[in-house]
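K.L.:
Give the three-dimensional model of this entry:
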Amino acid sequence: MKESSYVIAVLGGKGGVGKSLLATNLAIAFARQSKVKTLLLDADPSGSGDLDIINGVTSKNYLEGVLEKVGEEKISKSQFATAVSPTAHDIDLATFFNPIRIDHPIRPHSIGPMLDVASQTYTYIIADLGVGPESLVVPFLEEATLILTVVEPDVLVLNQSRKCLGRLQRLLFPSEMIYVLLNKHNPKGPIQPAVIQKHLNKKVSLIIPNEPGAAALSLAKAQPLVVHQPNTQIAKGCVQLARSVVEQKILHRLKQITAKKPKAPMPKAGEQGEAPVAKGEKISFDEKSTKVRNDLKLHVHKSLLETLDLKDVASSKDMTPQQKMALREKAKRAILTILEREDHPFKTREEMQAIVKEVLDEALALGPLEDLLADDRVTEIMVNHAHQIYLEKDGKIQLSKTLFSSNHQLLQVIERIVAAVGRRIDEKTPYVDARLKDGSRVHAIIPPCVMQGPMLTIRKFPKERLAASDLVSFGSMTPEMAAFLEALVKAHCNIVISGGTGSGKTTLLNVISSFIPSSERIITVEDSAELNLPQDHVGRLETRPPNVEGEGEVSIRDLVKNCLRMRPDRIVVGECRGGEALDMLQAMNTGHDGSLTTVHSNSPRDCIARLQTLCLFAGMELPAKAIKEQIASAVHYVVQQARLSDGSRKVTYITEVSGIQGDVVTTQDIFEFRKLGLDEDRKVKGYFTATGYVPQITQQLDELGIEYDRELFKPEEEKPGFEDRMAKFKKTA
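P.N.:
Below is the predicted model:
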């Protein structure tokens with residue numbers, strides 16, 4: 001919208017309150033008071049065409065038809081003019097909706113550009129809107145500088161008007177830009193302005209007495225009252241309002257409040273609107289206002305807790321989605337009421353939106369983490385204390401501008417997370433592993449075990465389950481490597497996925513597990529349930545920490561032992577990090593071939609040594625050679641996953657455990673990733689290749705009838721065009 005152009009929206013709390021008649025007379029009054037071009041816009045889907053009758057014109061073209069023809073392109077000034085009809089009284093009229101159409105298949109996002117074009121010609125645009133901010137009305141309200149809500153002294157009208165004002169409030173339209181006009185007022189009637197103001201909790205800005213005769217005559221002759229009956233109370237009221245708005249420059253002042261507002265999401269018919277929030281975006285505040293804003297948030301949050309008892313309700317696992325939505329709406333209304341009482345500098349809708357959302361998130365959700373969790377580019381969130389949050393975004397670690405307002409708030413968020421999965425964190429048990437609803441891994445530790453305040457680490461997982469084809473497209477492996485891993489799983493090979501912290505072991509375990517046939521029974525064992533397998537026949541086991549008395553702990557090792565009695569075809573252990581490694585090896589050696597697990601280590605050779613060390617934690621005092629024989633017999637393949645210096649994750653080795661010679665477990669690499677260096681953007685350059693070694697499993701694959709291509713094991717050096725590819729790699733490296 002042009003800076004010097006204004007949209008005035010006229011709403012009716014209920015049909016029949018006279019808003020269309022008032023909209024016409026107001027448009028003429030504004031045109032005459034300001035002596036500038038004024039447009040009257042009929043934008044009421046349910047009452048389309050009423051303004052034609054009131055003004056004695058016939059619209060031949062409709063703006064929705066023009067927008068339909070334009071498609072995604074911006075409507076031009078000349079195209080807009082084809083739907084404009086001049087009237088006999090200083091204003092032009094345009095009708096948005098075709099009255100003979102039942103459906104209005106118009107794109108809501110086209111309305112803003114259309115009004116931008118109108119603002120190039122008209123200073124005032126008076127929009128006669130439908131009853132309440134429905135899906136096709138909200139876009140007009142988004143462009144409005146002033147909203148006039150017309151009511152009349154009727155119980156049903158007041159009830160609907162209160163709902164209408166409530167929806168406007170929840171959409172965060174500032175109270176200053178909403179005026180209430182009382183139409184058809186009867187000085188001797190039972191419902192007086194004071195009653196209306198109390199019922200609506202809103203001051204009545206203009207009172208227009210009831211003049212049914214004058215209104216009926218105006219409609220019958222298509223003669224607006226401001227022009228033909230200027231002495232009527234209706235005409236005088238419209239002129240009075242227009243004069244005060246123009247002379248006091250009210251619209252110019254309101255423009256400062258509404259100038260930077262973002263576009264709100266369009267609610268479906270019958271839905272209540274939510275504050276507009278652009279995904280992953282944050283509102284920027286300067287350094288000076290940040291402290292004022294944080295102080296305001298703390299005060300509002302404290303007042304909210306005094307108003308509503310949210311602590312137990314917000315953390316309840318038994319709440320239905322409907323109950324949570326109702327609680328959020330209740331809390332939002334309370335926050336808006338508190339903010340209206342406060343004297344603060346944040347008056348624009350954009351600023352109010354940010355404050356309301358942040359207080360709501362702090363009270364009912366995960367506070368400032370909500371936006372970070374919604375950003376798909378963020379894969380890890382590392383909170384060192386309330387005022388320092390680091391992110392892994394696009395594979396790189398960076399400091400976030402997002403902050404908690406206090407360590408107390410951070411601790412509340414941690415408690416909310418762990419309570420949702422039935423765990424606890426306190427001074428006696430100051431650390432905990434948990435998960436979010438989407439499966440993201442959470443670790444938290446609090447004082448006295450940490451000095452600067454509570455620490456929280458969240459490892460996010462993709463919202464959609466990744467497939468092997470996704471890892472191939474990401475450059476984590478080649479199609480040949482994916483095909484080989486699928487053949488290994490179908491052949492019931494025991495596989496250990498090895499890698500460092502954050503290398504993507506769990507993601508790869510999810511992908512490899514998806515190759516297990518759906519006819520087999522799978523039991524998963526994890527500290528906190530993260531695996532998301534596509535098969536139906538899956539039993540998921542999760543450890544349990546000790547209770548307050550230090551009893552009742554259920555460890556990974558306990559669950560591995562128990563799952564052997566559940567008749568599993570496959571056992572999938574999220575991670576071996578202790579004595580359960582020995583139990584896992586024994587399971588692999590006793591009829592549970594095809595089992596999978598992960599281990600922290602930096603190479604396939606290190607993985608073998610790590611497994612040997614973990615077996616010692618079982619306390620069985622087995623000789624080293626016996627453990628090595630167990631490993632050589634149980635583990636068939638090690639898949640090494642690594643996070644490279646540029647943040648990318650790749651399968652760097654697929655290694656076969658070929659046996660044991662003397663005291664050494666022998667291994668043979670089947671595939672590997674060979675680095676060539678870094679390009680100018682510091683991205684790792686390299687290529688995947690087979691080593692040329694044909695694995696022992698090929699004979700078993702042939703016997704089982706599992707199809708594979710022997711060309712899988714052909715090194716890249718022996719494939720056509722290798723030298724050209726290497727020259728290209730080295731040129732960019």
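K.L.:
Remind me which helix or strand S205 belongs to.
P.N.:
Using DSSP states H and E, S205 falls within strand 204-209.
K.L.:
Export that strand to PDB, keeping only CA atoms.
P.N.:
The C-alpha trace of strand 204-209 is given here as PDB (Å, rounded to 0.1, in the frame of the first residue of the first chain):
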ATOM      1  CA  VAL A 204     -18.300   3.100  21.500                       C
ATOM      2  CA  SER A 205     -16.700   5.600  19.200                       C
ATOM      3  CA  LEU A 206     -19.900   6.800  17.400                       C
ATOM      4  CA  ILE A 207     -23.600   6.700  18.300                       C
ATOM      5  CA  ILE A 208     -26.100   6.900  15.400                       C
ATOM      6  CA  PRO A 209     -29.800   7.200  16.400                       C
END
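K.L.:
Would you give the sheet partners of it, along with the direction of each?
P.N.:
Here strand 204-209 is paired, per DSSP bridges, with strand 178-185 (parallel).
K.L.:
Pull the distance from the partner strand to the chain's centre.
P.N.:
39 Å (Cα atoms, centre = their mean, to the nearest Å).
K.L.:
What's the first helix or strand after that strand?
P.N.:
helix 193-200.
K.L.:
Strand 204-209 and that next one, what's the angle between them?
P.N.:
Relative orientation of helix 193-200 and strand 204-209, computed by axes from the mean of the first three to the mean of the last three Cα atoms, to 10 degrees: 130 degrees.
K.L.:
I'd like to know how far S48 sits from H592.
P.N.:
Distance check for S48 against H592: by Cβ to Cβ, to the nearest Å, it reads 70 Å. Any C-beta I mention is one placed from the backbone N, CA and C, and that applies to glycine too.
K.L.:
no, scratch that, I was asking about D583
P.N.:
Distance, D583 to H592, using Cβ to Cβ: 11 Å.
K.L.:
Of these two, give the one with the bigger neighbour count.
P.N.:
The residue with more neighbours, out of D583 and H592, is D583; 24 against 20, by other Cβ atoms under 10 Å.
K.L.:
List the contacts of that one.
P.N.:
557, 560-561, 618 (Cβ atoms under 8 Å, 6 or more residues apart in numbering).
K.L.:
Skipping adjacent residues, who's closest to it in space?
P.N.:
V560 (4.4 Å; Cβ to Cβ, 6 or more residues apart in numbering).
K.L.:
what secondary structure does that neighbour sit in?
P.N.:
At V560 the chain is in helix, as set by DSSP: H, G, I helix; E, B strand; the rest coil.
K.L.:
wait, doesn't it sit right on G579?
P.N.:
No. Between V560 and G579 there is no contact under Cβ atoms under 8 Å: 9.5 Å.
K.L.:
Quick check on these two: which one has the bigger neighbour count.
P.N.:
Taking other Cβ under 10 Å, V560 and G579 do not tie; V560 has more neighbours (24 against 19).
K.L.:
Got the confidence number for the more buried one?
P.N.:
For V560, the pLDDT comes out at 87.
K.L.:
do you know how far it is from I28?
P.N.:
As for V560, its distance to I28 is 82 Å (criterion: Cβ to Cβ).
K.L.:
distance of the residue nearest to D583 from C576?
P.N.:
From V560 to C576 the distance is 9 Å (Cβ to Cβ).
K.L.:
can you list residues touching both of those two?
P.N.:
Residues touching both V560 and C576 (Cβ under 8 Å, 6+ apart): M584.
K.L.:
Put the alpha carbons of stretch 50-70 into PDB.
P.N.:
Taking Å, rounded to 0.1, in the frame of the first residue of the first chain, the C-alpha atoms of stretch 50-70 are listed here in PDB:
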ATOM      1  CA  ASP A  50     -25.900  -4.700  -2.100                       C
ATOM      2  CA  LEU A  51     -23.800  -1.600  -2.700                       C
ATOM      3  CA  ASP A  52     -24.900  -1.600  -6.400                       C
ATOM      4  CA  ILE A  53     -28.500  -1.200  -5.200                       C
ATOM      5  CA  ILE A  54     -27.700   1.500  -2.600                       C
ATOM      6  CA  ASN A  55     -25.700   3.500  -5.100                       C
ATOM      7  CA  GLY A  56     -28.000   3.000  -8.100                       C
ATOM      8  CA  VAL A  57     -25.300   1.400 -10.300                       C
ATOM      9  CA  THR A  58     -24.800  -1.900 -12.000                       C
ATOM     10  CA  SER A  59     -21.400  -3.600 -11.800                       C
ATOM     11  CA  LYS A  60     -20.700  -5.400 -15.100                       C
ATOM     12  CA  ASN A  61     -17.200  -6.800 -14.100                       C
ATOM     13  CA  TYR A  62     -16.100  -8.200 -10.800                       C
ATOM     14  CA  LEU A  63     -12.600  -8.100  -9.400                       C
ATOM     15  CA  GLU A  64     -12.500 -11.800  -8.600                       C
ATOM     16  CA  GLY A  65     -13.000 -12.500 -12.300                       C
ATOM     17  CA  VAL A  66     -10.200 -10.100 -13.200                       C
ATOM     18  CA  LEU A  67      -7.900 -11.800 -10.700                       C
ATOM     19  CA  GLU A  68      -8.800 -15.200 -12.000                       C
ATOM     20  CA  LYS A  69      -7.800 -14.200 -15.500                       C
ATOM     21  CA  VAL A  70      -4.600 -12.700 -14.300                       C
END
